[in-house]
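Undergrad: output the structure for:
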Amino acid sequence: MVERPNTTSTLSAGLNAELPASTRALKVSVVEGLCVLVLRHLAGGAAEVDAALAAAHLDALPKPGSCLGDDPWQVWIGPAESLLLTTNGKVAGDILSALHPGCSGLACVVDQSAGWLVFEWLGAGVDDLLPRLLDASAVPRQAGQGARARFMDISAVVMRVGPDRVLLAVERTHGSYAAQWISHAWSAALD
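TA: Below you'll find the predicted structure:
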């Protein structure tokens with residue numbers, strides 16, 4: 001069994017401190033220690049990615065609008081790209097080894113772990129918060145849905161991984177900005 005990701009950080013503590021007391025039923029935290037891999041392929045290369053995923057005992061590439069798994073998570077982000085997030089170093093290493101850049105002309109994986117910040121939203125308030133921050137058509141309504149989305153005015157990847165659990169991945173450089181918007185959206189919800 002894979003351990004639950006570490007969700008303690010200074011940013012998490014600061015964000016939770018900013019949330020109004022009545023919204024604390026929703027826990028918002030930063031997930032630390034995730035490997036974030038971008039799986040890319042050209043036409044005809046999806047089979048190579050699927051083979052690498054199968055060798056690591058993972059599902060084939062997700063379909064548009066979907067996310068798969070429970071650490072590792074896979075989410076469709078475009079016709080030739082998906083994102084794989086995991087705390088399992090062996091899985092990440094196996095995928096990196098099988099699809100490292102240059103080993104194939106049709107598919108590759110790029111480790112972008114240092115470039116992403118992932119927020120976990122956990123609790124009954126998820127459905128109140130998402131429509132305030134994402135376009136209505138981008139809100140994942142059911143577990144297993146996910147995609148690239150517009151989070152306020154930046155690009156993000158959002159995944160509904162459980163009924164009251166959402167992962168939101170943004171470029172790390174936008175982490176504080178995203179945290180401020182999350183806090184602002186909750187404050188506005190109470191007005």
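Undergrad: which strands border the longest strand along the chain, and is each parallel or antiparallel?
TA: In the chain, assigned by DSSP state E, the strand with the most residues is strand 154-162. Strand 154-162 sits in its sheet next to strand 145-151 (antiparallel), strand 165-171 (antiparallel), going by DSSP bridges.
Undergrad: after the last one, next one along is what?
TA: With elements assigned by DSSP states H and E, the helix or strand that comes after strand 165-171 is helix 175-190.
Undergrad: and that following helix, what does it pack onto?
TA: Judged by 3 or more C-beta pairs under 8 Å, 6 or more residues apart in numbering; DSSP states H and E, helix 175-190 is in contact with helix 10-18, strand 116-122, helix 126-133, strand 154-162. (Each C-beta comes from the backbone N, C-alpha and C, glycine too.)
Undergrad: if we can go back for a sec, as JSON lines, the strands paired with strand 154-162 with distance to residue 38 would be great.
TA: Converted to JSON lines, the strands paired with strand 154-162 look like this (distance: least, C-beta to C-beta, whole Å):
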{"stretch": "strand 145-151", "distance to residue 38": "11"}
{"stretch": "strand 165-171", "distance to residue 38": "11"}
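Undergrad: so how far is residue 65 from the residue lying closest to residue 150 once chain neighbours are set aside?
TA: Spatial nearest neighbour of residue 150, chain neighbours left out: residue 135 (5.7 Å); criterion: C-beta to C-beta, 6 or more residues apart in numbering. Distance check for residue 135 against residue 65: by C-beta to C-beta, to the nearest Å, it reads 14 Å.
Undergrad: who's more crowded, the two?
TA: Taking other C-beta atoms under 10 Å, residue 135 and residue 65 do not tie; residue 65 has more neighbours (13 against 10).
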